[in-house]
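Asks: How does the following fold in three dimensions:
(6 chains)
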There are 4 protein chains.
Amino acid sequence: MGARSSKRKQEAPAGRTFIEEARRAQIVAAAIEVIAEFGYAKATFGRIARRAGLSSTGVISYHFAGKDDLMREVVAEVMRVADGYMRPRVEAETTSSGRLRAFIESNLALLEEFPRHLPAMVEVLSNVAGRCQGEPAREFAEAMEKATAAQIEGVRHAQKAGDFREFDAETMVIAIRGAIDALVVRAARDPGFDAAVRGRELAEIFDRATRRTP
Amino acid sequence: MGARSSKRKQEAPAGRTFIEEARRAQIVAAAIEVIAEFGYAKATFGRIARRAGLSSTGVISYHFAGKDDLMREVVAEVMRVADGYMRPRVEAETTSSGRLRAFIESNLALLEEFPRHLPAMVEVLSNVAGRCQGEPAREFAEAMEKATAAQIEGVRHAQKAGDFREFDAETMVIAIRGAIDALVVRAARDPGFDAAVRGRELAEIFDRATRRTP
Amino acid sequence: MGARSSKRKQEAPAGRTFIEEARRAQIVAAAIEVIAEFGYAKATFGRIARRAGLSSTGVISYHFAGKDDLMREVVAEVMRVADGYMRPRVEAETTSSGRLRAFIESNLALLEEFPRHLPAMVEVLSNVAGRCQGEPAREFAEAMEKATAAQIEGVRHAQKAGDFREFDAETMVIAIRGAIDALVVRAARDPGFDAAVRGRELAEIFDRATRRTP
Amino acid sequence: MGARSSKRKQEAPAGRTFIEEARRAQIVAAAIEVIAEFGYAKATFGRIARRAGLSSTGVISYHFAGKDDLMREVVAEVMRVADGYMRPRVEAETTSSGRLRAFIESNLALLEEFPRHLPAMVEVLSNVAGRCQGEPAREFAEAMEKATAAQIEGVRHAQKAGDFREFDAETMVIAIRGAIDALVVRAARDPGFDAAVRGRELAEIFDRATRRTP
DNA sequence: TATGAATGAGACTTCATTCAT
DNA sequence: AATGAATGAAGTCTCATTCAT
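Replies: Purely as a prediction, here's the structure:
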């Protein structure tokens, strides 16, 4: 039997050897590329293994409990990278509107640093999460829900502090998310896409939408 | 011989009997429901046939040239419905900002009238269009591109007329589209979703984003 | 129920109305064209119906007991035509070697008069007959066997009469048949095929092979 | 991932493990038997898998890129065997007529050694090659064309050297091929078929047809 | 720890055939 | 006598997953 039966894989997410961790990372990286390039539906283990330079799909099944597990890892990886990139940029800002701007702009800037990461995540989330069938999907949904809830809370807090005008925070957060994702998808297709310019434009749009009227 | 041979299927989209048209409509309706509920990947002929009360997937293959053909029909049907619903509401408005508001609000109102239609279309478009592999995908992509281009042109025109302030029209149109789609996806999952309220909120957001500063 | 149940179709091959006979002939003609053009495997009822200008495959099933029945009819039709064309030409000859030459040359000439007939028959015979599965196949086999046997008998007779030299008549007949069929197949593909020239050449070959040495 | 991804399958025909080669050979052998027995049309993956003692058709799809690939392998295998058997026998002869005789006789002798090989190849070639639809078919057609062209050239050379009399080399080669194939088909059906005798008879026939008159 | 091979469920599609009208 | 619609079996192919080595 493999080092970790599918049971244990679920129970003990940690405690991996260095080499195993490396393989997982390698596979996740390949998966991100393949998903971004071919879309979720065509991101088969076969293609991912080939991209990773692996000779068999068995390796993937060996390291991950299943496709859902791999996809969860893909999303987690992208979130980790996104957080590492965006958080310092957002936290460097002192005003609410500054943070909103930084959030939007750094999100799009991320697209230039890691062109495949966000498109891959958008693909996965729109295909796996949402529909609540099976554990992993629910896990995604809850994670996203939590992140969104935190953002909403932040916006509400800013509203109370008088930094933002009145509006429905939840709708605003969803709108911002949707607008960014739409640009991400666009970027994945349009080679001449200028992320910096688009980021500034989008930030401007939502700045006007949230700003208190003087 | 199928209702329409694969050759003729491409050549002569019209000329269907009443009963065949009815079956096609029934299948498309079932497909819309299944796609909205299970997502594009799990919207198999089997599930769609079962939902439509059909005894075999062969019936679907009999009436449609293939999965792509069915999906094209799904998108076309949703667009037909959406256009019938939104166009009069948008065209009833006389100002640019009124039209923008009507566009957004009627788009979300549509969600209440046909809760499955927009989610299904978003699913299909994000999975079939986009990556340009094969004729039908390209067809979608071009249709969407054209629609988007028209909207951009409309916005630019309004800007020139002084109805909207200065901003990048393309980014704005994409942002609006993305924001609406995000709410559509949200609505598909959240039973308590109030489309009217969300529509008003979203319209407000983009009204502020586009309005000339007084 | 149709005019003839599948049972009756087998039992009463005759007694058809004029119009029914016409339809059958039309379908057989279409089948011959399709088989010659696409090969046996791709000669589906759909293609045949389309070629015949029929709107449904049901018509074919209505007029023929099944695919095998249609194929039998195809072979019978080609044999009828071939016999009508070749027999007078063969019987006009008075010598054995003249008849052999006439047989070969008229067979290839037939290819020019009815370019689809022989290729179609070769297709059907090599795919349906031979393998003895089911009644119709056996029927074919026997019919061919009988025709071949008659030819062998004729050759033996000519040998006894001293018109032909000594050789195994059966092998000779099979060889002639095979050589002609190979040229038929060739003709079906090669647009510049000159049937008259090839016929003369082939007749010459087998004339030398059968002629008594002086 | 299959043993060879469809990409690699085309690119790297070699580089197979021993066990995979064995499976492929086993499947090809089963295919040859099934084709010879049931004909090309009924030689389905299901029947072939059953004959090979395999539990599912998936195994075949795993080892071959598709049905065309398997059929190509079948033809290649038969040609390999035929070449190995016939070439030494033909090349051992020093005269043109000796080589022709050896060609015909060894071809029929092969029928006794491997009774299913030639019938299977004839089946495949007459069904897959011929009509040029798709890459693999064209590949076959070209290979056969080349072989035939070489034979024609050889015959012409012998004619120039005065070994053969005057006749159209192309027609002669096609006739020989057709005659042999007809006997091959005959042999597949007739249990009492004596390949050696038939071979001698056929060789005699074409010897007389090609021999210079003294 | 990894892999090659196999598996088997399930997908789409094609086709001859049936049947009510 | 004909037709359009439907059927269902059968076919090829793809994949995630398993397992012995």
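Asks: Enumerate the residues of chain A near chain D.
Replies: A:45, A:46, A:49, A:50, A:56, A:57 (Cβ under 8 Å from any Cβ of the partner chain). C-beta coordinates here come from the backbone N, C-alpha and C atoms, glycine included.
Asks: So the last one versus residue A:139, what's the distance?
Replies: The reference is to residue A:57. 23 Å (Cβ to Cβ, to the nearest Å).
Asks: which stretch of helix or strand covers residue A:150?
Replies: helix A:135-160 (DSSP states H and E).
Asks: Buried ones among the residues of chain A next to chain D?
Replies: For the residues of chain A next to chain D, a burial check counting by 16 or more other Cβ atoms under 10 Å in any protein chain shown picks out A:45, A:46, A:49, A:50, A:57.
Asks: Sort out for me which of the residues you listed are in helices.
Replies: A:45, A:46, A:49, A:50 (DSSP state H).
Asks: Kindly reformat those residues as a markdown table and extend each row with distance to residue A:157 and pLDDT.
Replies: Formatted as a markdown table, those follow (distance: Cβ to Cβ, whole Å; pLDDT from 0 to 100):
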| residue | distance to residue A:157 | pLDDT |
| --- | --- | --- |
| A:45 | 44 | 97 |
| A:46 | 48 | 96 |
| A:49 | 46 | 96 |
| A:50 | 48 | 95 |
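Asks: ok, so of those, who is nearest DNA strand E?
Replies: residue A:49 (8.3 Å; Cβ to the nearest atom of the strand).
Asks: Following the worst-scoring helix or strand of chain A on mean pLDDT in sequence, what is the next regular element?
Replies: The weakest-scoring helix or strand in chain A, judged by mean pLDDT, DSSP states H and E, is helix A:6-11 (a mean of 39). As assigned by DSSP H and E, the chain's next helix or strand after helix A:6-11 is helix A:18-38.
Asks: which helices and strands does that following helix pack with?
Replies: helix A:45-51, helix A:58-63, helix A:67-91, helix A:117-127 (3 or more Cβ pairs under 8 Å, 6 or more residues apart in numbering or on different chains; DSSP states H and E).
Asks: Which strands or helices does the second one pack on?
Replies: Packed against helix A:58-63 by the contact rule (3+ Cβ pairs under 8 Å, 6+ apart) you find helix A:18-38, helix A:45-51.
Asks: Can you give me the buried ones in it?
Replies: By neighbour count with 16+ other Cβ under 10 Å, helix A:58-63 contains the buried residues A:59, A:60, A:61, A:63.
Asks: neighbouring contacts of that helix?
Replies: Outside helix A:58-63, the residues that touch it by Cβ atoms under 8 Å, 6 or more residues apart in numbering or on different chains are A:2, A:3, A:20, A:23, A:24, A:27, A:45, A:48, A:49, A:54, A:70.
Asks: So is it next to DNA strand E?
Replies: Yes: residues of helix A:58-63 contacting DNA strand E under Cβ under 7 Å from any atom of the strand: A:58, A:59, A:62, A:63.
Asks: on that earlier part again, out of the helices and strands packed on helix A:58-63, which one sits most buried?
Replies: Of all the helices and strands packed on helix A:58-63, helix A:45-51 has the most neighbours on average by mean count of other Cβ atoms under 10 Å in any protein chain shown, namely a mean of 21.
Asks: Who are the packing partners of it?
Replies: If you count contacts as 3+ Cβ pairs under 8 Å, 6+ apart, helix A:45-51 packs onto helix A:18-38, helix A:58-63.
Asks: will you turn those into JSON lines that also has mean pLDDT?
Replies: Formatted as JSON lines, the helices and strands packed on helix A:45-51 follow (pLDDT from 0 to 100):
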{"stretch": "helix A:18-38", "mean pLDDT": "93"}
{"stretch": "helix A:58-63", "mean pLDDT": "95"}
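Asks: State the pair within the contacts of helix A:58-63 that is farthest apart.
Replies: Comparing all pairs in those by Cβ to Cβ, the longest separation belongs to A:3 and A:48, at 20.2 Å.
Asks: Surely residue A:27 is in contact with residue A:54?
Replies: Yes: Residue A:27 lies in contact with residue A:54 (Cβ atoms under 8 Å); the separation is 7.5 Å.
Asks: Just give the number of residues close to residue A:188.
Replies: For residue A:188, the count of nearby residues is 22 (other Cβ atoms under 10 Å in any protein chain shown).
Asks: Tell me the pLDDT of it.
Replies: The model reports residue A:188 with a pLDDT of 87.
Asks: same check, this time on residue A:136
Replies: With respect to pLDDT, residue A:136 scores 61.
Asks: just the ones in helices among the buried ones among the residues of chain A next to chain D that are near DNA strand F?
Replies: A:45, A:46.
Asks: okay, the ones in helices among the buried ones among the residues of chain A next to chain D in JSON lines with distance to residue A:182 next?
Replies: What follows is these, written out as JSON lines (distance: Cβ to Cβ, whole Å):
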{"residue": "A:45", "distance to residue A:182": "29"}
{"residue": "A:46", "distance to residue A:182": "30"}
{"residue": "A:49", "distance to residue A:182": "31"}
{"residue": "A:50", "distance to residue A:182": "31"}
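Asks: Could you point out which of the ones in helices among the buried ones among the residues of chain A next to chain D is nearest to chain D?
Replies: Top of the list for closeness to chain D, among those and by Cβ to the nearest Cβ, is residue A:46 at 3.7 Å.
Asks: pretty sure the closest one contacts residue A:54?
Replies: No: using Cβ under 8 Å, residue A:46 is not in contact with residue A:54, being 10.0 Å away.
Asks: and residue A:41, which of the three is it?
Replies: coil (DSSP: H, G, I helix; E, B strand; the rest coil).
Asks: List phi and psi for the nearest residue to it once chain neighbours are set aside.
Replies: Leaving out its chain neighbours, the residue that sits closest to residue A:41 by Cβ to Cβ, 6 or more residues apart in numbering or on different chains is residue B:41, at 5.6 Å. Per-residue torsions, residue B:41: phi -60, psi -40 (degrees, to the nearest 10).
Asks: How about residue A:211?
Replies: Dihedral angles of residue A:211 (phi, psi; degrees, to the nearest 10) stand at phi -60, psi 140.
Asks: I'd say it and residue A:95 touch.
Replies: No: look at residue A:211 against residue A:95 with Cβ under 8 Å: they stay out of range, at 11.0 Å.
Asks: Neighbour count: the two, which is higher?
Replies: Using other Cβ under 10 Å, the more surrounded residue of residue A:211 and residue A:95 is residue A:211, with 15 against 12.
Asks: Show me what the more buried one is bridged to.
Replies: Beta bridges link residue A:211 to residue A:164, judged by DSSP bridges.
Asks: before we move on, the earlier item: include distance to residue A:84 when you put the buried ones among the residues of chain A next to chain D into TSV, please.
Replies: Shown next, in TSV, are those (distance: Cβ to Cβ, whole Å):
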residue	distance to residue A:84
A:45	28
A:46	31
A:49	27
A:50	29
A:57	30
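Asks: quick check, nearest of those residues to residue A:111?
Replies: Of those, the one sitting nearest to residue A:111 (Cβ to Cβ) turns out to be residue A:50, at 25.6 Å.
Asks: and that closest one, how far is that from residue A:57?
Replies: From residue A:50 across to residue A:57, the span is 9 Å (Cβ to Cβ).
Asks: Residue A:185 now?
Replies: Going from residue A:185 to residue A:57 by Cβ to Cβ gives 28 Å.
Asks: Many thanks, have a good one.
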